[in-house]
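Colleague: How does the following fold in three dimensions:
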Amino acid sequence: MKFVIGVVTGALLGAAAAVLYSVATGRDLREEYAGVRDEVMRRDFDALSSRLESRFTELQSTVQDRVSQMQSSGTNGHAAEALDDAQRAAADAIDQAESATSDVADKIEDAAQG
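Modeller: Got it, this is the predicted structure:
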């Protein structure tokens, strides 16, 4: 019974996340999936890496824009410092994700060629 509840909950959360992604980005998740799937099937890992890098860059600019908006509207110095820390942490996380994406693409390409 717990397994069935877990599967149903996971499916519902996945569907909600897909809808939120589509609304937030203005992109259709099915089209994104089809593009990624085609790139993997064609073994075009450079295009896949470029796609992921552009998404991370877009995410970074969105986070920076929101942080800037919050900083300009807030007058509390402690909040501004906390936002600066959060911005740096987000930038570091994005850099690490971009590095990991590149590493994974290289490993997949090596495995496909080997």
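Colleague: by contact count, what packs against the longest helix anywhere in the chain?
Modeller: Scanning the chain for the longest helix, with DSSP state H as the assignment, gives helix 77-113. Secondary-structure packing of helix 77-113 (3 or more C-beta pairs under 8 Å, 6 or more residues apart in numbering; DSSP states H and E): helix 45-73. To be clear about C-beta, it is placed using only N, CA and C from the backbone, and glycine gets the same treatment.
Colleague: buried ones in the helix it packs on?
Modeller: Of all the residues in helix 45-73, those buried under the rule 16 or more other C-beta atoms under 10 Å are 45, 47-49, 51-52, 55-56, 60, 63, 67.
Colleague: cool, stretch 107-114 as well?
Modeller: Buried, per 16+ other C-beta under 10 Å, within stretch 107-114: E109.
Colleague: Stretch 33-41 now?
Modeller: Neighbour-count burial for stretch 33-41 [16+ other C-beta under 10 Å]: E39.
Colleague: Can you tell me what sits against that stretch?
Modeller: 45, 47-48, 51 (C-beta atoms under 8 Å, 6 or more residues apart in numbering).
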